[in-house]
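Chemist: Let's see this in three dimensions:
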Amino acid sequence: MFNHRMNSGENLYIWQSEDWPQWRYDLSALTGPLTDVSRAQGLLLGRLADVGMALRNQASLAALTEDVVKTSEIEGEVLNVQSVRSSIARRMGVDIGAVAPVDRHVEGVVEMVLDATTRAAAPLSAERLFGWHAALFPTGYSGMTRIAVGQWRTDTEGPMQIVSGHVGRRKVHFQAPPAEVLAAETDRFLAWANAETGEPTLIKAGLAHLWFVTLHPFDDGNGRIARAVGDLFLPRADGSPQRFYSLSAQIQRERKDYYDVLERTQKGTLDVTSWLSWFLGTLERAVASAQTTLDAVLVKARYWQRWAGLPLNERQVKLLNRLLDGFDGKLTSSKWAAIAKCSPDTSLRDITQLLALGVLQKTPGGGRSTGYELHR
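Modeler: Residues are numbered from 1 along each chain as shown. As a prediction, this is how the structure comes out:
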């Protein structure tokens, strides 16, 4: 199939182009989007410059948590947010009070994202990528399927394809380069990634993401690793060693567009201006939405300043933090008891004290069980 296409000149995929991988783009068409991203980054970093180290750490923790959770969600995998948050907090040395149980799967994604974002200046190598891949698949399995971990794919089961639909009505969206060319292709990609190649750094981030996901060099995890590869270039672009926004979270919000533009680009020419325009637009929206995350961090800080003198116990602090981080559903006394691992009587005593102090209030509507929320 490959040889027939390659020889007949029917180049279906971008990597089959004769001048692959000579990426082309119209820089003048990207000047506006580049300026917009820089402006959004400037506004966000300017705001963060005024809030002090403790709050910057909290903002970074929030952004990194979102990044880890959402890069997995794009692949249909739901991670426990509290586990992710405490895993990152532990590595950052940020005290968040409660420590969630360690989840080996969570730890792997956290390790990859933190390695990409906090060691952005370190060269990208095959060994580093293999380490990320091994961290994502600690058991050597993807679901129920055994995969080659920490090495390039071998295609023993046939070509690497991105497909959708049921058997018999499958649609092939993309077919990756064959395994036998991967060593040479990845070497070329890594040489470019580590060299001073003259593009604006944000454009390099967009190209790196596209190039890696087009090579699709692993049996699984290529999307998550491609996003981490792109993330590696973002700290180089904004000069900040800390992450305060999540590109993966924005891609997750726009994932239908993401897959559409990716498929169009991978079946198009080596002029990737429209991909880069989409990438920069998404990045600008990611930075802008980080303002909302920062708002939440500042609200939380103001609350704790307000309650600083109150005699709260550990359970109360833990549950109030959960509410401030955005509690899913209605907080009842039975949920309080379950989360705080205490008796129903103790949970009711905790809640009654907070109601009397004006920290909590009953949620309107009542219903069968009383719910509680923060007093605004």
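
Chemist: where are the low-confidence patches of the stretch 101-250 of the chain?
Modeler: Counting by pLDDT under 70, the stretch 101-250 of the chain shows low-confidence ranges at 101-102.

Chemist: could you pull out the strands for it?
Modeler: When secondary structure is read from DSSP state E, counting those that start in this stretch, the stretch 101-250 of the chain shows strands at 141-142, 145-146, 161-164, 171-175.

Chemist: So for residue 37, which of those strands sits nearest?
Modeler: Comparing the strands of the stretch 101-250 of the chain by their distance to residue 37 (CB to CB), the top pick is strand 171-175, with 27.2 Å. Where C-beta positions appear, they are placed from N, C-alpha and C, glycine not excepted.

Chemist: now what about the closest one, what contacts it?
Modeler: By CB atoms under 8 Å, 6 or more residues apart in numbering, the list of residues contacting strand 171-175 from outside reads 12-13, 159-165, 216, 259, 262-263, 266-267.

Chemist: Please repeat the previous calculation with a cut-off of 6 Å.
Modeler: Strand 171-175 is contacted from outside by 159, 161, 162, 163, 164, 165, 263, 266, using CB atoms under 6 Å, 6 or more residues apart in numbering.

Chemist: winner for burial among the strands of the stretch 101-250 of the chain?
Modeler: Using mean count of other CB atoms under 10 Å, the stretch among the strands of the stretch 101-250 of the chain with the largest mean neighbour count is strand 171-175, at a mean of 15.

Chemist: Residue 114 versus residue 297, what's the distance?
Modeler: Relative to residue 114, residue 297 is positioned 19 Å away (criterion: CB to CB, to the nearest Å).

Chemist: Who has more neighbours out of these two?
Modeler: Shown here are residue 297 and residue 114; by other CB atoms under 10 Å, residue 297 has more neighbours (24 against 19).

Chemist: Buried residues of the longest helix seen in the chain, list them for me.
Modeler: The longest helix of the chain (DSSP state H) is helix 273-306. By neighbour count on 16 or more other CB atoms under 10 Å, the buried set for helix 273-306 is 273, 275-290, 293-294, 297, 300-301, 303.

Chemist: The following helix or strand past that helix versus helix 273-306: what angle between them?
Modeler: Taking DSSP states H and E as the definition, the helix or strand that follows helix 273-306 towards the C-terminus is helix 314-324. For helix 314-324 and helix 273-306, the angle between their directions (axes from the mean of the first three to the mean of the last three CA atoms, to 10 degrees) works out to 140 degrees.

Chemist: how far is helix 314-324 from where the chain is centred?
Modeler: The chain centroid and the centroid of helix 314-324 are separated by 26 Å under CA atoms, centre = their mean, to the nearest Å.

Chemist: Show me what the helix or strand that that helix is followed by packs onto, helices and strands only.
Modeler: Stepping forward along the backbone from helix 314-324, the first helix or strand reached (DSSP H and E) is helix 333-340. Using 3 or more CB pairs under 6 Å, 6 or more residues apart in numbering; DSSP states H and E as the contact criterion, the neighbours of helix 333-340 among helices and strands are helix 344-357.

Chemist: what angle do the helix it packs on and helix 314-324 make?
Modeler: Regarding helix 344-357 and helix 314-324, their directions subtend 70 degrees when assessed with the same axes, to 10 degrees.

Chemist: Mind checking the pLDDT average for helix 344-357?
Modeler: Helix 344-357 shows a mean pLDDT of 91.

Chemist: returning to that earlier point: looking at the contacts of strand 171-175, which one is closest to residue 354?
Modeler: residue 164 (49.6 Å).

Chemist: wait, what's in contact with that closest one?
Modeler: The neighbourhood of residue 164, defined by CB under 6 Å, 6+ apart, consists of residue 171.

Chemist: And residue 361, which helix or strand is it part of?
Modeler: Judged by DSSP H and E, residue 361 forms part of strand 360-362.

Chemist: name the element the most centrally placed residue in the chain belongs to?
Modeler: Computing the C-alpha centroid of the chain and ranking residues by CA atoms, centre = their mean puts residue 67 first, at 2.7 Å. Under the criterion DSSP H and E, the helix or strand holding residue 67 is helix 53-73.

Chemist: Just the buried positions in that helix, please.
Modeler: 55-73.

Chemist: Just the pLDDT for residue 252.
Modeler: Reading off the model, residue 252 has pLDDT 94.

Chemist: Equivalent analysis for residue 99, please.
Modeler: pLDDT, the model's per-residue confidence, is 59 for residue 99.

Chemist: heads up, I number from 736, so please use that
Modeler: Yep, numbering from 736; the last one is residue 834 now.
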